[in-house]
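Asker: could you look at this predicted model? Sequence included:
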Amino acid sequence: MIKVGVLGAKGKMGAQTCLAVEEAADTELVARLDQGDELDELTRAGAEVVVDFTRPEVVMDNLAWCIQHGIHAVVGTTGFDDERLATLRTRLDAQPGTGILIAPNFSIGAVLMMQFAAQAARYYESVEIIELHHPDKVDAPSGTARRTAELVAAARREADARPIPDATTTALEGARGADVDGIRVHGVRLRGLVAHQEVLFGDEGETLTIRHDSMNRTSFMAGVLLGVRSIGTAPGLTVGLEHFMDLS
Ligand SMILES: NC(=O)C1=CN([C@@H]2O[C@H](COP(=O)(O)OP(=O)(O)OC[C@H]3O[C@@H](n4cnc5c(N)ncnc54)[C@H](OP(=O)(O)O)[C@@H]3O)[C@@H](O)[C@H]2O)C=CC1
Ligand SMILES: O=C(O)C1=N[C@H](C(=O)O)C[C@H](O)C1
């Protein structure tokens with residue numbers, strides 16, 4: 001049995017994670033912590049893996065504590081840029097044996113969407129990303145959209161792709177979305193939605209749209225459990241659930 005502690009346990013994803021960990025045959029929920037609770041409870045309860053679904057502004061402190069105490073972490077919380085990832089790598093160097101997984105999206109379909117988008121990137125002149133979420137989401141663009149843009153941009157660089165055409169010279173600020181690594185990302189917040197994304201590719205006479213929809217938060221749980229089961233044997237920093245999936 002893997003002993004699991006959940007941070008952000010009263011939140012939308014944390015509560016769903018507690019259920020999934022309790023229901024799985026090989027995991028045991030030993031701590032459920034939220035805002036204001038003492039992290040020491042994790043060591044008292046013997047947690048081996050922490051799952052963090054909190055907020056971008058607190059997640060780095062949570063992970064510093066986990067690394068210091070040699071507890072593996074599976075992280076869904078957003079807000080990771082290159083600087084934060086570099087900080088984590090440095091901290092993990094001082095604690096060999098401890099693993100951290102940062103997964104921008106735990107849904108298997110969303111991971112595949114990102115992989116397919118990276119594969120398609122070299123073949124199209126144009127690409128834009130539309131992410132669509134529930135209106136209670138605190139950040140924009142989504143972590144998934146950022147990661148997709150980075151993967152697509154890297155694939156385009158590797159293929160020495162032509163510049164993305166865009167004749168726009170003047171526009172109302174925001175009208176063309178955010179620029180993430182040279183890729184335009186547009187955000188929609190709409191009651192009724194959960195988590196959705198379209199990656200649109202275009203070239204002469206054809207377009208390709210890769211779309212993924214999470215209809216509920218159960219869709220993330222297979223990925224969360226995969227992370228929990230895998231992280232104990234993956235010391236250091238892993239970015240993206242695809243590293244624990246057989247994509248061959
Ligand atoms: N990777 C993935 O697949 C997914 C990632 N996410 C990401 O996960 C994060 C959480 O999302 P969601 O569950 O919807 O958000 P919620 O706001 O519903 O939940 C966050 C919870 O964390 C609590 N919290 C805040 N600070 C702390 C702290 N220091 N220690 C412990 N708990 C704390 C909050 O309490 P309070 O409300 O009192 O502040 C709240 O209960 C977001 O960054 C979101 O983008 C979401 C879905 C999937
Ligand atoms: O806040 C959410 O809901 C989600 N957050 C993650 C993100 O920002 O990409 C994953 C998923 O899109 C749901």
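Answerer: Looks like it came in fine. Predicted model only: the values in this text are computed from it and were never measured. Ligands and ions are numbered 1, 2, ... in the order given.

Asker: use CA for all of it now, contacts and neighbours both
Answerer: Noted.

Asker: for the longest helix anywhere in the chain, what is the average pLDDT?
Answerer: The longest helix of the chain (DSSP state H) is helix 143-158. For helix 143-158, the mean per-residue pLDDT is 98.

Asker: where do the strands sit along the chain?
Answerer: Here the chain has its strands, by DSSP state E, at 2-7, 27-33, 49-52, 72-75, 99-102, 126-133, 178-180, 183-189, 195-203, 206-214, 236-239.

Asker: what are the pairing partners of the second one, and which direction each?
Answerer: It stands for strand 27-33. Taking DSSP bridges as the criterion, strand 27-33 sits next to strand 2-7 (parallel) in its sheet.

Asker: hey, C-alpha coordinates of the longest helix of the chain in PDB?
Answerer: C-alpha atoms of helix 143-158 as PDB (Å, rounded to 0.1, in the frame of the first residue of the first chain):
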ATOM      1  CA  GLY A 143      -1.100  25.100 -17.500                       C
ATOM      2  CA  THR A 144      -2.100  22.700 -20.300                       C
ATOM      3  CA  ALA A 145      -2.200  25.500 -22.900                       C
ATOM      4  CA  ARG A 146       1.200  26.800 -21.800                       C
ATOM      5  CA  ARG A 147       2.700  23.300 -22.000                       C
ATOM      6  CA  THR A 148       1.100  22.600 -25.400                       C
ATOM      7  CA  ALA A 149       2.500  25.900 -26.700                       C
ATOM      8  CA  GLU A 150       5.900  25.100 -25.500                       C
ATOM      9  CA  LEU A 151       5.900  21.600 -27.000                       C
ATOM     10  CA  VAL A 152       4.500  22.900 -30.400                       C
ATOM     11  CA  ALA A 153       7.100  25.700 -30.400                       C
ATOM     12  CA  ALA A 154       9.900  23.300 -29.700                       C
ATOM     13  CA  ALA A 155       8.800  21.000 -32.500                       C
ATOM     14  CA  ARG A 156       8.600  24.000 -34.900                       C
ATOM     15  CA  ARG A 157      12.100  25.100 -33.900                       C
ATOM     16  CA  GLU A 158      13.500  21.600 -34.400                       C
END
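
Asker: now do the contacts for the most centrally placed residue in the chain.
Answerer: Residue closest to the average C-alpha location in the chain (CA atoms, centre = their mean): residue 104, at 0.7 Å. Residues near residue 104 by CA atoms under 8 Å, 6 or more residues apart in numbering: 76, 77, 78, 143, 144, 147, 240.

Asker: need the residues you listed in TSV (columns: neighbour count and distance to ligand 2).
Answerer: Shown next, in TSV, are the contacts of residue 104 (neighbours: other CA atoms under 10 Å; distance: CA to the nearest ligand atom, whole Å):
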residue	neighbour count	distance to ligand 2
76	24	7
77	23	7
78	24	6
143	20	4
144	21	4
147	21	8
240	17	12
